[in-house]
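Asks: One predicted model, sequence on top.
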Amino acid sequence: MSALRVIVVGASGRMGRMLVRAISESRNARLVGATERVSSEFIGCDAGELAGVETLGVQLVSDVTSCTTADVLIDFTSPVATLKHAAFVADRAMGMVIGTTGFDSEQLQQLHTILADSPVVMAANYSVGVNLALSLIEKAAAVLAEDYDAEIFEAHHKHKVDAPSGTALAMGHALAAGRSVELDDVAVYSREGLIGARKSGSIGFSVVRGGNIVGEHAAMFISDEERVVIRHEASDRMVFARGAVRAANWLVPQGAGNYDMQDVLGLN
Ligand code: NAD
């Protein structure tokens with residue numbers, strides 16, 4: 001079987017470099033293209049050297065359309081950039097693995113429309129552990145009903161621009177699904193001032209930003225007598241990069257469709 005041909009967009013970003021490393025360490029995948037935004041100081045640099053692995057002979061370019069044919073494009077950039085990359089993917093017979101978070105509902109709708117006929121994996125978190133935690137949260141929420149107050153906590157590094165994190169929102173959706181409610185109807189995203197007593201059935205979110213925290217998440221079910229906590233800590237971004245490369249390998253034999261990491265791991 002020939003190695004999967006992969007384009008990494010945003011290849012000098014925190015995740016971009018990890019993705020290049022994960023691909024270079026994988027026996028089943030090969031980097032064939034790498035991009036950065038037009039104003040990046042890294043245009044023309046070798047993607048492998050930037051990622052701290054061997055020279056790969058793939059230079060960062062600013063125009064994704066100048067990349068050679070590939071099977072999959074992996075995108076951990078920004079919502080606006082991901083929409084542009086989606087249009088490129090939709091024009092070609094290739095798949096897309098999306099890790100970008102922070103889309104608003106209009107951008108999400110646009111993304112789904114553009115990629116309606118493409119194979120796509122999109123996940124707020126590519127770690128195997130987090131995806132297992134999402135399954136556990138849905139199960140726990142079905143058992144620990146509204147007499148358990150549900151709260152979601154997340155902490156990330158100081159550079160993160162969206163909040164709550166995509167993973168915290170995914171946890172909220174899993175929790176809401178376990179209780180057969182819509183997250184939008186019960187979510188409380190901020191608390192300040194005289195907010196009154198906690199509303200039964202609500203799902204609260206709290207957020208910490210600081211230093212170089214890779215990602216911490218916890219779903220808490222709190223009753224008067226006990227507290228159940230499902231918690232995940234990422235200590236190295238490579239966990240997301242390896243998960244995304246695993247998703248890319250899984251995606252290629254699939255037909256057009258909108259998949260998530262639960263599908264990749266067979267947890268659905
Ligand atoms: P980052 O800012 O370090 O990297 C993003 C890179 O994308 C930057 O280098 C930027 O220059 C580049 N970029 C922006 N526009 C571009 C364009 N038009 N073409 C090419 N490159 C472009 O950010 P990061 O920490 O690597 O995170 C990126 C995204 O991935 C964020 O949305 C973050 O929340 C998400 N993320 C997801 C997971 C997951 O498992 N799903 C894990 C970590 C981060």
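Replies: Sure thing, it's come through.
Asks: distance of the closest residue to the ligand within the chain from Ala142?
Replies: Of all residues in the chain, Gly13 sits closest to the ligand, with a separation of 2.1 Å (Cβ to the nearest ligand atom). Just so you know, the C-beta spots here come from the backbone N, C-alpha and C atoms, and that holds for glycine as well. Distance, Gly13 to Ala142, using Cβ to Cβ, to the nearest Å: 38 Å.
Asks: Compare those two (neighbour count), which wins?
Replies: Between Gly13 and Ala142, counted using other Cβ atoms under 10 Å, the more crowded position is Gly13 (18 against 13).
Asks: Is it correct that Ala170 is in contact with Asn125?
Replies: Yes: if you go by Cβ atoms under 8 Å, Ala170 and Asn125 touch, sitting 6.6 Å apart.
Asks: Need the per-residue pLDDT for Asn268.
Replies: At Asn268, the pLDDT value in this model is 78.
Asks: near the ligand, which residues of the stretch 101-250 of the chain?
Replies: 101-102, 123-126, 240 (Cβ under 6 Å from any ligand atom).
Asks: which one of those sits closest to Leu267?
Replies: Within these, proximity to Leu267 (Cβ to Cβ) peaks at Ala123, which comes in at 11.5 Å.
Asks: where along the chain do the helices fall?
Replies: Counting by DSSP state H, the chain has helices at residues 14-25, 47-50, 79-90, 105-114, 128-143, 166-178, 183-186, 238-251, 261-264.
Asks: what would those look like in CSV with distance to Arg5 and mean pLDDT?
Replies: CSV is the format used below for the helices of the chain (distance: least, Cβ to Cβ, whole Å; pLDDT from 0 to 100):
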stretch, distance to Arg5, mean pLDDT
helix 14-25, 10, 98
helix 47-50, 14, 98
helix 79-90, 13, 98
helix 105-114, 22, 97
helix 128-143, 24, 96
helix 166-178, 27, 96
helix 183-186, 37, 98
helix 238-251, 10, 97
helix 261-264, 19, 94
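Asks: Just put those helices in TSV and tack on distance to Gly210.
Replies: Shown next, in TSV, are the helices of the chain (distance: least, Cβ to Cβ, whole Å):
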stretch	distance to Gly210
helix 14-25	16
helix 47-50	26
helix 79-90	24
helix 105-114	27
helix 128-143	20
helix 166-178	16
helix 183-186	26
helix 238-251	20
helix 261-264	27
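Asks: Pull the residues that contact stretch 158-175.
Replies: Residues from elsewhere that reach stretch 158-175, judged by Cβ atoms under 8 Å, 6 or more residues apart in numbering: 14, 101-102, 123-125, 130, 133-135, 137-138, 141, 150, 152-154, 156, 183, 187, 189, 203, 205, 207, 209-212, 215, 217, 219.
Asks: Now that stretch: buried residues?
Replies: Residues 160, 163-175 are the ones in stretch 158-175 that count as buried (16 or more other Cβ atoms under 10 Å).
Asks: C-alpha coordinates for that stretch, PDB please?
Replies: Taking Å, rounded to 0.1, in the frame of the first residue of the first chain, the C-alpha atoms of stretch 158-175 are listed here in PDB:
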ATOM      1  CA  LYS A 158      -2.400  32.000  27.000                       C
ATOM      2  CA  HIS A 159      -2.300  32.200  23.200                       C
ATOM      3  CA  LYS A 160      -5.700  30.400  22.700                       C
ATOM      4  CA  VAL A 161      -8.100  32.800  21.100                       C
ATOM      5  CA  ASP A 162     -11.500  31.000  21.500                       C
ATOM      6  CA  ALA A 163     -13.400  30.200  24.600                       C
ATOM      7  CA  PRO A 164     -14.800  27.900  25.900                       C
ATOM      8  CA  SER A 165     -12.600  25.500  24.000                       C
ATOM      9  CA  GLY A 166     -14.100  23.400  21.200                       C
ATOM     10  CA  THR A 167     -13.500  20.300  23.400                       C
ATOM     11  CA  ALA A 168     -15.400  21.900  26.400                       C
ATOM     12  CA  LEU A 169     -18.300  22.500  24.000                       C
ATOM     13  CA  ALA A 170     -18.100  19.000  22.700                       C
ATOM     14  CA  MET A 171     -18.200  17.800  26.300                       C
ATOM     15  CA  GLY A 172     -21.300  20.000  26.800                       C
ATOM     16  CA  HIS A 173     -23.000  18.500  23.800                       C
ATOM     17  CA  ALA A 174     -22.200  15.000  25.000                       C
ATOM     18  CA  LEU A 175     -23.600  15.800  28.400                       C
END
